[in-house]
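Peer 1: Got a predicted model here, sequence first, then my questions.
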4 protein chains.
Amino acid sequence: MSQPTTPIRVGICGVRGYSGLEAARLIAQHDGFRLVTASSDALAGKTLRSLDPELGEDAAAVVVGHNDTLAAAKAYQAELMLLALPAEPSAHVTPALLEAGIRVIDLSGAHRVRDVVAHTMAYGFPPIAAELQAEAVYGLTEWCQPDALRAARLVANPGCYATATLLALLPLHQRGLIAQGTLVVDAKSGTTGAGKKAQVGLLHAELFGNFYAYRVGQHQHTPEIAQELSRAGTPMELTFVTHLLPVARGILVTSYFKVPGCEDAHEAARRVQDALREHYDGSHFVRVVDAASEAQLGAVIGTNRCILCAAPDPFGKRVVVISVIDNLIKGASGQALQNANLMFGYPETAGLQLRGGAGVKA
Amino acid sequence: MSQPTTPIRVGICGVRGYSGLEAARLIAQHDGFRLVTASSDALAGKTLRSLDPELGEDAAAVVVGHNDTLAAAKAYQAELMLLALPAEPSAHVTPALLEAGIRVIDLSGAHRVRDVVAHTMAYGFPPIAAELQAEAVYGLTEWCQPDALRAARLVANPGCYATATLLALLPLHQRGLIAQGTLVVDAKSGTTGAGKKAQVGLLHAELFGNFYAYRVGQHQHTPEIAQELSRAGTPMELTFVTHLLPVARGILVTSYFKVPGCEDAHEAARRVQDALREHYDGSHFVRVVDAASEAQLGAVIGTNRCILCAAPDPFGKRVVVISVIDNLIKGASGQALQNANLMFGYPETAGLQLRGGAGVKA
Amino acid sequence: MSQPTTPIRVGICGVRGYSGLEAARLIAQHDGFRLVTASSDALAGKTLRSLDPELGEDAAAVVVGHNDTLAAAKAYQAELMLLALPAEPSAHVTPALLEAGIRVIDLSGAHRVRDVVAHTMAYGFPPIAAELQAEAVYGLTEWCQPDALRAARLVANPGCYATATLLALLPLHQRGLIAQGTLVVDAKSGTTGAGKKAQVGLLHAELFGNFYAYRVGQHQHTPEIAQELSRAGTPMELTFVTHLLPVARGILVTSYFKVPGCEDAHEAARRVQDALREHYDGSHFVRVVDAASEAQLGAVIGTNRCILCAAPDPFGKRVVVISVIDNLIKGASGQALQNANLMFGYPETAGLQLRGGAGVKA
Amino acid sequence: MSQPTTPIRVGICGVRGYSGLEAARLIAQHDGFRLVTASSDALAGKTLRSLDPELGEDAAAVVVGHNDTLAAAKAYQAELMLLALPAEPSAHVTPALLEAGIRVIDLSGAHRVRDVVAHTMAYGFPPIAAELQAEAVYGLTEWCQPDALRAARLVANPGCYATATLLALLPLHQRGLIAQGTLVVDAKSGTTGAGKKAQVGLLHAELFGNFYAYRVGQHQHTPEIAQELSRAGTPMELTFVTHLLPVARGILVTSYFKVPGCEDAHEAARRVQDALREHYDGSHFVRVVDAASEAQLGAVIGTNRCILCAAPDPFGKRVVVISVIDNLIKGASGQALQNANLMFGYPETAGLQLRGGAGVKA
């Protein structure tokens, strides 16, 4: 598959939100894509410049209302739409876009969970088009068949927590390294993960210096993680709990489990670390480090990286695996672009070799 | 036991550190104690005013060098010494203070872990006086016999992480609610927990917006927690992992376990929550809340409180218990004063009814 | 004037906001006041416990809607109402409360600015009752006549920025130490200063790591500061600019001016520092420190203090004065209580000897 | 001047510090430069990978000790050395590097201030080589003669505060828009500005939620700013005061002054804003925005941009100008690369079209 000779025409639905805006920024720096239309009810009629004047020529684009998404996508001959919307509007707009011959990467959860009951409990509405649930390629890029992405009409871009968790656990579960009934996943996310919602609970004055767990036992990414683990091995029970970190960006996930038949935690951790290294050898974006404390937010913020590390816990005879990502990049818009690169024949890393470090630690 | 008629004369070793200074501030607001001497090599010769001018009349005290601690304690007729030092100097100074008839509350780890091997591995030196390890009362106040504290010469004040963890887990383990082999404790602490050390890794520029796990599988509070759990029930394996939160104060601990014989997570969580409520009914400082997200740092910072909450995780058939404290107050100096109150016949809450909220959330 | 023998019955209008809640917390720890009623449309029908369970017996109070404020104040025989509302509703509710014989401390700007045009420009509506503007005692406590407070029906509690600025500048302007036309005031406030409003611009994700100036040339505290300066000396032009600091609490104000007839900045700073020391000698809450860098947020957060320091700028031949307060305490509810103490015959410091340090720096 | 056909060979002295590391990262993403040697006493013998594994092929470079800088620069045939050192070691190493035919960009203050007394007071030592002070090109890129940079052996890279201040004030002073005796500059910087020093005062636990002014009347950038202003117009008195912001990166400078002969602040601000727009029309990195609150840290962090805005203060009849930069990029290493681009014939923007937004606000 050769690279396109002219930039692919892309649209963004929900450009005002954090991942929609991040997608616009990434596209502005990618030679192979061109932002031709964007929608947002709150911004309808304004230019993208009002959101971020650094979007280059794209900044002149006038945002349309959500209901005009399809018409605008057609009028501007979009070849790809990125849906950075809540799940329900994403589910509603997707069929018509696909019917119009436009490929879709859905950053919402609308097309991730195939089990109808699990989907309905997680998102509060039943799947709109069950056949699309089945058709959608789950876009955890490192685990996708390149051919599947190349051919995909619809990509279900993974959730931010799911991305960090699955990149750590899939190679392990695939190799039978996670003992059934032992998996605990303790996840922490920065506040952009909660979205750009005008809620008192998300005010700076409420969250500064604060920290807490939320949606304990009820997080909508749990069935998504369970589903994908079960596709890589046997069905797997897991405990998954999320906390709100008082930083803007970043997810750190700490996973705990026992290795079947291995009571020696040091040996178990070595096997896990080896599996991670083996699996991600040559990976562009996933890196395995030697010390758990190197897997830190500061090393991934602003990039499409995921950093992983396994360490032994001899007291509990468990292995601990840390994974970190930038929730808005590898956890959302960066991974969407990584998928788009493969869908359209660009190198996987095109537009994603982002300089880390800025803004968090020097 | 009646209250003292004149304030008890107290000294602080290591007054420059975060918990030493916090202890000085708490004493300054407690009518029943009087700070008569303080030591710190870095501050020797200076007044306490140079640390905090709001220490009242105590602020005029001149700090002595660490080697003069004993002489000063005698000269100023201290009745109680608070040791806010690293473990090794604490261990060295304690015997002579006790011999001089001065009671000691040791905020370091020097007298907490009775097993010689475990102590040595945790602190890097063998116990200095094994008989003192045996004699020391482990000062998790809510779990102390009041008579034992009243009579104690030496109180081993619990570690900050251990306090948050044990207040949650002890009533549960005592009631057989924690299934062996299932306990995972994921702990997060603010940066005062790392101490006032001039290290590049602790600079604001390094930690702002950052987050990571540290000492995975090697934290020195693990044997302390394991020891105390085993005193409340059968010996218990646990996994305990700590993370550094980019806030100044506060510890939040998320504990995960299964309830023996109870596969229904909702039922299990109810039994755990009921046990917590029953156990801490009437407690001055420990509060059990209904929603896990209410157990937040913002609700305890600046106070001697511990807030607890149990919640079900139906996916993993586990119970999740959240506990939060201010690491410098309930996790160190506040609990030391709570112990001192009981040692000297004051009400448990004297000087500890602190107004929360300030400085973190409004 | 002797102290009351039973606690004064107090009500709070607008108890959900940051200063309303802070007032409730301060009253809960003050033996001389009792919270008997509280209003808030958002909380109507709920108990105060839902806001903060640590409000003691007051926590059981059921919040009434704003329209029921007067009826509740009468029914519960309130002797004092604290208005922690926006200016316009404060202006509307005040006359009826006063008519019912209830004393009022208005924390809003409704009764601070006497010039009708300036008031209208600052607050967007003309004064509701011009005679109350004239009657109101401007409650910058250190500058009030004790007799005036004792007799006051209505106290206009100063704005947070105005408090920090005026405590620094009033003694200097009174002594003729500020050269006309040279005064520049650069102010910075934490995010609680913006109020508890559900606005995207105030989200943690927007403000984390961010900093900017706002309402440049248009801040509503400018006429208030100008008015009070002119009452202490000649009318004074000033430039006053505010910035939003990414912390929850605290105001730091940097004031710049020349001392008339004094080109030597060192001499000028000495005269200014001497004036500050002389004026606030014996003050309970205002402290003058030797080094400008000691006048820091960390030294006042959680307290009713104001810290001041003057320093020379030899390059510009100006004096620089730093002032810091906690915006919710000395800048709002703490000062309201300080005023209430004097209105009802309590010692000025009753209930306000708050321990600093917690939550910001150790 | 044509572009080089092979990458220019660059060395960095002081690669462990924040601006040294940032320079290494920028070079790693710049096709026209190649990092061939780096020095740091603390890192001597280690690879750059230990600092940041994402430095690409450069990450394999072994760091030499400071004393080996010259030998390594020669051995590796460096054509350009970036000195990211304190002023005194920079001053000492510069002459030998120049003598060896290696061009130098000095990020320290060693070659910025020409007046011997002012230099000595600012940096604590007299100039080492006065003729180099005279020869050095002051590298505020937007104000440099391209020919001068092309020919320069030694560039004195401006201080971070000076960059933000001068980009705002130079076009105004040049046009006579700043009235003598009225200029006040209130500056605020994130904590990376203090350098990577193991000092208790810079710990996260000390600075979290804190804010204060430092070096009032004594900041070493004052003579640098005064010197450069005087080169663009008449000598200018100014007051310059710095504050430490509790964020990792970013500088915001608020400048206050009167426009000669213009009492109408609105008219004055228009003239100033017009002058800024006119001067920076077509500038790659300096942008003038309409609203002062848009000139925020979040809009520049991670980029080489400077954002400027003028606004009127009608109360004080002054103009207020806000300027913001990322202190480590436009305030240090980014500007050094911008200078290096022009020194070696690359486009000014090569390697500096950095994506903003990441890590601070979404």
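Peer 2: Alright, I've got the coordinates. Numbers count the residues shown, from 1 in each chain, chains lettered A, B, ... in the order given.
Peer 1: so who does residue A:192 touch?
Peer 2: Residues counted as contacts of residue A:192 (CB atoms under 8 Å, 6 or more residues apart in numbering or on different chains) are A:18, A:248-249, A:327-328, C:205, D:362. Quick note: C-beta positions are derived from backbone N, CA and C, even for glycine.
Peer 1: Strands of the stretch 101-250 of chain A, start to end?
Peer 2: A:103-106, A:137-138, A:154-156, A:184-189, A:212-214, A:239-244 (DSSP state E, counting those that start in this stretch).
Peer 1: what's the helix or strand for the residue of the stretch 251-362 of chain A found nearest chain B?
Peer 2: Nearest residue of the stretch 251-362 of chain A to chain B, counting by CB to the nearest CB: residue A:316, 2.9 Å away. Following DSSP states H and E, there is no helix or strand that holds residue A:316.
Peer 1: Now it. Nearest residue, chain neighbours left out?
Peer 2: Ranked by CB to CB, 6 or more residues apart in numbering or on different chains and with sequence neighbours excluded, the top spatial neighbour of residue A:316 is residue B:239, at 2.9 Å.
Peer 1: Now for that neighbour, how many residues are close by?
Peer 2: 26 (other CB atoms under 10 Å in any protein chain shown).
Peer 1: How about residue A:350?
Peer 2: What residue A:350 shows, counting by other CB under 10 Å, is a neighbour count of 19.
Peer 1: which phi and psi does the residue nearest in space to the middle of chain A have?
Peer 2: A centroid search over chain A (CA atoms, centre = their mean) returns residue A:331, at 3.0 Å, as the residue closest to the centre. Main-chain dihedrals, residue A:331, degrees, to the nearest 10: phi -80, psi 0.
Peer 1: what does chain A put close to chain C?
Peer 2: Residues of chain A lying near chain C by CB under 8 Å from any CB of the partner chain: A:18, A:190-192, A:194, A:196-200, A:202-209, A:246-248, A:359.
Peer 1: Please save the CA atoms from the helix or strand where residue A:269 lies in CSV.
Peer 2: Secondary structure assignment for residue A:269, by DSSP H and E: helix A:265-280. The C-alpha trace of helix A:265-280 is given here as CSV (Å, rounded to 0.1, in the frame of the first residue of the first chain):
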residue,chain,number,x,y,z
ALA,A,265,7.9,-13.2,43.1
HIS,A,266,11.4,-12.3,41.7
GLU,A,267,11.2,-15.1,39.2
ALA,A,268,7.7,-14.2,38.4
ALA,A,269,8.6,-10.6,37.8
ARG,A,270,11.5,-11.6,35.6
ARG,A,271,9.2,-13.7,33.5
VAL,A,272,6.7,-10.9,33.2
GLN,A,273,9.3,-8.3,32.4
ASP,A,274,10.8,-10.6,29.8
ALA,A,275,7.4,-11.2,28.2
LEU,A,276,6.9,-7.4,28.0
ARG,A,277,10.3,-6.9,26.4
GLU,A,278,9.9,-9.7,24.0
HIS,A,279,6.4,-8.6,22.9
TYR,A,280,7.3,-4.9,22.5
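Peer 1: which outside residues touch it?
Peer 2: Contacts of helix A:265-280 (CB under 8 Å, 6+ apart): A:142, A:168, A:171-172, A:175, A:177, A:258-259, A:262, A:286-288, A:308-314, A:316-321, B:217.
Peer 1: Which positions in that helix come out as buried?
Peer 2: Neighbour-count burial for helix A:265-280 flags A:265, A:268-273, A:275-276, A:279-280 (criterion: 16 or more other CB atoms under 10 Å in any protein chain shown).
Peer 1: Could you list the low-pLDDT ranges of the stretch 251-362 of chain A?
Peer 2: A:357-362 (pLDDT under 70).
Peer 1: what do you get if the cut-off is 90, keeping everything else the same?
Peer 2: Within the stretch 251-362 of chain A, the stretches with pLDDT under 90 are A:353-362.
Peer 1: can you give me the helices in it?
Peer 2: A:265-280, A:334-344 (DSSP state H, counting those that start in this stretch).
Peer 1: okay, these in a markdown table with distance to residue D:253 next?
Peer 2: Below are those laid out as a markdown table (distance: least, CB to CB, whole Å):
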| stretch | distance to residue D:253 |
| --- | --- |
| helix A:265-280 | 45 |
| helix A:334-344 | 33 |
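Peer 1: For chain B, give me its nearest residue in the stretch 51-200 of chain A.
Peer 2: For the stretch 51-200 of chain A and chain B, the shortest gap (CB to the nearest CB) falls at residue A:186, measuring 4.0 Å.
Peer 1: pretty sure residue A:27 is touching residue A:337, no?
Peer 2: Yes - look at residue A:27 against residue A:337 with CB atoms under 8 Å: they come within range, at 7.3 Å.
Peer 1: Looking at those two, which one has more neighbours?
Peer 2: For residue A:27 versus residue A:337, neighbours defined as other CB under 10 Å are more numerous around residue A:337 (31 against 28).
Peer 1: give me the element the closest residue to that one other than its chain neighbours is part of.
Peer 2: Once flanking residues are discounted, residue A:337 sits nearest to residue A:26: 5.1 Å by CB to CB, 6+ apart. Mapping residue A:26 onto the secondary structure by DSSP H and E places it in helix A:18-28.
Peer 1: tell me which strands and helices that helix is in contact with?
Peer 2: strand A:8-13, strand A:33-39, helix A:334-344 (3 or more CB pairs under 8 Å, 6 or more residues apart in numbering or on different chains; DSSP states H and E).
Peer 1: so does the second one get close to chain D?
Peer 2: The one in question is strand A:33-39. No - contact of strand A:33-39 with chain D is not found when judged by CB under 8 Å from any CB; the minimum separation is 14.3 Å.
Peer 1: next one: that strand to chain centre, how far?
Peer 2: Strand A:33-39 has its C-alpha centroid displaced from the chain centroid by 20 Å (CA atoms, centre = their mean, to the nearest Å).
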